[in-house]
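Novice: Using only what follows, build the 3D model:
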Amino acid sequence: MSKTTSMLVAGLLAATLAAPALAQQVIKDPLTNVLRGVTPEEAAAMQPATAPNLTLLPKYSATGAIGTRLNDDHMSYAVVVRRADGSLEHRCLADKAAAVAAVKNATPAPSFARPISLQLATE
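Specialist: Numbers count the residues shown, from 1 in each chain. Predicted structure coming up:
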């Protein structure tokens, strides 16, 4: 198989997979227990919520390296808070607002540091 043919087959396969599938939505009527077509209101309620924009933006460097520029939707946040007993609580959070809230709402731990005095030995 030539390189051109391989590219055409790959392109057709990608286009086929990307095409939306035809589907029919039905719902079981709660009164008659019979399947029926959905109303526009029911169809709208069954649609998934819109997802955040996770578009990957290519990034090219002067050296020829190829990377991806990510936005804040791709970030996760690790927050470590010292508890009142001195132990550490580690939490992984999906968004910045939750991370900021976790830090603001943390109970402040008592200070375990004690002042010390240093005496230098002199000869």
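Novice: What are the neighbouring residues in contact with residue 100?
Specialist: Shown in contact with residue 100 (CB atoms under 8 Å, 6 or more residues apart in numbering): no residues. Where you see a C-beta, it was placed from the backbone N, CA and C, and this is true even at glycine.
Novice: three-state assignment of it?
Specialist: Secondary structure for residue 100, judged by DSSP: H, G, I helix; E, B strand; the rest coil, is helix.
Novice: Quick check: it vs residue 93, distance?
Specialist: 9 Å (CB to CB, to the nearest Å).
Novice: got any residues that touch both of these two?
Specialist: Common neighbours of residue 100 and residue 93 (CB under 8 Å, 6+ apart) do not exist.
Novice: where are the low-confidence patches of this structure?
Specialist: Residue ranges of the chain with pLDDT under 70: 1-22, 48-54, 108-123.
Novice: mind listing the helices in it by residue range?
Specialist: Taking DSSP state H as the test, the helices found in the chain are 3-18, 40-46, 96-104.
Novice: Alright, I will stop here.
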